[in-house]
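Student: Using only what follows, build the 3D model:
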Amino acid sequence: MGASGIGGTGTAHAAAPHDAPGKPDGGPRPAHFHGTRQLLIPELLLLPDGPVRDRAVLVEGGKFRAIGPAEQLITAHRDLRPVRLDGHLLMPGFVDAHHHLTQSFGKAQSFGQPSEIFKTIWEPLEHALDEETAYLSAKLAALDALRGGFTTVADAGTRAPVDVAAVAKGTEEAGIRCVLSKIVSDGQGGPAHLARWDKHPLIHPSLAIAVPENATASVIKNTAELCADAGTVLQIHVNEHLASVERSLKSVGRRPVDYLHHIGALGPHVLGAHATLLTPAEMRMLADSGAAISYNPVASAWKGNAVAQATMLAALGVRFGLGTDGTRGDGFRLLDAAESAQRLTVGLATGDSVCGAGRLWLEHATSRSADALGLGRVTGEIAVGKAADYLLVDINVPELTPSYDLQWELVRLANRDLITAVVVGGRLRLWEGWPTDWDARALVERAAKVGPEVVRKAQIQRVEPR
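Tutor: Residues are numbered from 1 along each chain as shown. Okay, the predicted model is just below:
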């Protein structure tokens, strides 16, 4: 794999890597994914019940229109030339349930820092952005996510003093599906934001309040009701680390999840980020209310002081997806981190050698993540009527040979280098890590120049232990 397919310039269509090294004659090529209709026959197809052979999918108008035995679909669609994808797995794209797209210029600044770094790094960084740099940051983050196999990202809301259209422009040009939040802690602008992006093919509007104590109880409750009526989610950071829990106790007299429950705002329309420090009572509140959380294991490792009890939440029926928190954009490494964090914090102490198994983590990175974002009817699995958001993964590789339990192996052994193609809404977005229809190299070069300038302007306050 690697970066052999490099995009062209501007909006011109770049030369696709039709003769990429290492590809067998007759293997998949970018041209196979053009057009509005394709009949795809992968070696393995990852369906909700697990991987299967000898199945085909019909993609038409950006959606999966038929799924069934390969010979049956070939017979039913004789007007289409079947695209055989030998040696490849076709699987749902990953869904990032928690991201900060306008923080990509400073993510490496978070290494080795104390847990509550939003005051010292993220707020100064985002406040230093303008329309152009916010757009560049979002597009760079979207490209990183696509390279890691994410076909959907949920942006938790930017503090940058810009119109969120800059973020939308970056993600739309990159070609990723985005749950786009607007922070409405002052109670203003929510309805207009939801209406602005209504029925957009890739942008799904959402509202956000950074933390509960940033808004009054009436604003939080009204915003939650607005999201419920609109069929979207209210994104809000809850119980992330000890400092945030104590700040909430001092300001409103309750822990974040308990406070949301107390004011009547907790419900299926709420997506709480992190939730690493939950009491048993708060877990029960989440389960009973139907609220969802984003489990962000890499963020816990990089800057947290706890790991969300994901296997316990799964046992209690709490809805949750997996999120990167803008750390790194490799979906397979996120799977590994999610399972490993549970094994190290819970499994070893209890003798749980399974820790949910491979299938659980794949589900929570795809279909259950989509559900947590309110997009369960849109994406997250290979199913008729859902968006054709999928990955083509090379399984004819040493990492996955021999194969006995592919779902476990994807969690433990796979990485983004194995992703041949990323497709969103039926459209090929990346081939071997790079777009074929826009110049991603130019974006990276521009970000390498602009990013450090933004960081210098922000005057980030890093803690440098002696």
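Student: Buried residues, stretch 370-382. List them.
Tutor: For stretch 370-382, a neighbour-count test (16 or more other CB atoms under 10 Å) marks 370, 371, 372, 373, 374, 375, 376, 378, 379, 380, 381, 382 as buried. Any C-beta I mention is one placed from the backbone N, CA and C, and that applies to glycine too.
Student: Quick check: the residue most central in space within the chain vs residue 321, distance?
Tutor: Centroid-nearest residue in the chain, with CA atoms, centre = their mean: residue 96, separated by 1.4 Å. Distance, residue 96 to residue 321, using CB to CB, to the nearest Å: 8 Å.
Student: any shared contact partners between those two?
Tutor: Residues touching both residue 96 and residue 321 by CB atoms under 8 Å, 6 or more residues apart in numbering: residue 369.
Student: Now do the helices in the stretch 1-150 of the chain.
Tutor: Here the stretch 1-150 of the chain has its helices, by DSSP state H, counting those that start in this stretch, at 70-76, 123-127, 131-147.
Student: Columns mean pLDDT on top of these, output as JSON lines?
Tutor: Output for the helices of the stretch 1-150 of the chain, formatted as JSON lines (pLDDT from 0 to 100):
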{"stretch": "helix 70-76", "mean pLDDT": "97"}
{"stretch": "helix 123-127", "mean pLDDT": "92"}
{"stretch": "helix 131-147", "mean pLDDT": "98"}
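Student: from those, which stretch is densest packed?
Tutor: Most buried of the helices of the stretch 1-150 of the chain, by mean neighbour count (mean count of other CB atoms under 10 Å): helix 131-147, with a mean of 25.
Student: other SSEs contacting it?
Tutor: Applying 3 or more CB pairs under 8 Å, 6 or more residues apart in numbering; DSSP states H and E, one finds that helix 131-147 contacts strand 94-99, strand 150-155, helix 165-174, strand 419-424, strand 427-431, helix 440-458.
Student: do that again at 10 Å, thanks
Tutor: Applying 3 or more CB pairs under 10 Å, 6 or more residues apart in numbering; DSSP states H and E, we find helix 131-147 packed against strand 94-99, helix 123-127, strand 150-155, helix 165-174, strand 177-183, strand 419-424, strand 427-431, helix 440-458.
Student: show me where the stretch 151-300 of the chain has helices.
Tutor: Counting by DSSP H, counting those that start in this stretch, the helices of the stretch 151-300 of the chain are 165-174, 190-196, 217-230, 242-252, 256-262, 280-289, 297-303.
Student: Comparing those, which comes out most buried?
Tutor: helix 256-262 (a mean of 24).
Student: Does residue 458 touch residue 127 like I think?
Tutor: Yes. The criterion here is CB atoms under 10 Å, and residue 458 meets it with residue 127 at 7.0 Å.
Student: Out of the helices and strands packed on helix 131-147, name the one with the poorest average pLDDT.
Tutor: Lowest mean pLDDT within the helices and strands packed on helix 131-147: helix 123-127, at a mean of 92.
Student: Other residues contacting that one?
Tutor: Applying CB atoms under 10 Å, 6 or more residues apart in numbering, the contact partners of helix 123-127 are 100, 102-107, 109, 117-118, 133-134, 137, 157-162, 210, 451, 454-455, 457-461.
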